[in-house]
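A.B. asks: turn this into a model:
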Amino acid sequence: MTLRLRTAHTADLAPAELRAVRTLLDDAFEGDFSEEDWDHTLGGVHALVHDDTGLAAHGAVVQRRVLHHGRSLRTGYVEGVAVRADVRRQGLGGRVMAALEGVIDRAYALGALSATHEGEGLYASRGWQPWPGRIHAFSPGSPDGVVHLPDEEVWLFLRPASAGALDPAYELVFDWRDGDVL
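C.D. replies: Numbers count the residues shown, from 1 in each chain. Modelled structure (predicted):
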């Protein structure tokens with residue numbers, strides 16, 4: 001089987017490629033991939049692995065802002081990581097993550113992602129570390145403009161090169177977005 005890895009910005013993906021990515025994500029997340037989730041996946045750099053039958057794996061890194069201890073950090077946030085069911089456990093998720101990690105390391109102060117239970121082993125095996133501190137987000141519906149996200153704290157992972165520079169005594173405050181904030 002021939003595997004081809006390609007990285008491209010959303011703007012450089014043809015409509016047919018974007019449809020293939022959306023189909024892969026819908027299948028991989030068994031219908032639990034919302035329009036907001038799709039929107040979160042767009043606007044950054046995508047890593048796509050194709051095999052002889054089509055799109056086999058995908059992931060994207062998009063820019064977000066995270067406040068930590070008085071600093072606004074340009075954050076490469078990983079979204080939409082999925083591998084087609086018939087080629088799982090063959091290292092394709094690792095190839096996607098290696099490409100995205102390269103983008104994060106070269107372009108961002110911080111790398112972050114929200115893991116699923118199924119994906120957490122992949123990220124941990126690549127050295128991503130769970131964030132031990134508190135997580136908040138700016139919220140237009142909150143009286144003080146910020147809301148605590150305790151249910152998300154167990155799933156947030158950080159890229160190890162950037163995680164060491166952060167102090168878990170101070171929360172991470174993510175920018176607001178529709179749907180799931182993380």
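A.B. asks: every contact and neighbour count from this point should use C-alpha atoms.
C.D. replies: OK.
A.B. asks: tell me the SS of the residue nearest the centre of the chain?
C.D. replies: Centre of the chain computed as the mean C-alpha position; nearest residue by CA atoms, centre = their mean is residue 78, 1.7 Å away. In three-state terms, and counting by DSSP: H, G, I helix; E, B strand; the rest coil, residue 78 is strand.
A.B. asks: likewise residue 73?
C.D. replies: At residue 73, secondary structure determined by three-state DSSP is strand.
A.B. asks: that one: neighbour count?
C.D. replies: Close neighbours of residue 73, defined as other CA atoms under 10 Å, add up to 18.
A.B. asks: now swap in residue 47 and tell me
C.D. replies: The local packing count at residue 47 equals 22, with neighbours defined by other CA under 10 Å.
A.B. asks: what does residue 52 give?
C.D. replies: The local packing of residue 52 (other CA under 10 Å) involves 10 other residues.
A.B. asks: let me know the outermost residue of the chain.
C.D. replies: For the chain, the largest distance from the centre (CA atoms, centre = their mean) belongs to residue 143, which lies 28.8 Å off.
A.B. asks: on that earlier part again, so which strand or helix has the residue nearest to the residue nearest to the centre of the chain when sequence neighbours are not counted?
C.D. replies: Taking CA to CA, 6 or more residues apart in numbering as the measure, residue 78 lies nearest to residue 61, with 4.4 Å between them; neighbours along the chain are not counted. Element membership for residue 61, per DSSP states H and E: strand 54-68.
A.B. asks: that strand - contacts with which helices or strands?
C.D. replies: Here strand 54-68 is seen to pack against helix 15-28, helix 35-41, strand 45-51, strand 71-83, helix 92-107, strand 172-174 when contacts are counted using 3 or more CA pairs under 8 Å, 6 or more residues apart in numbering; DSSP states H and E.
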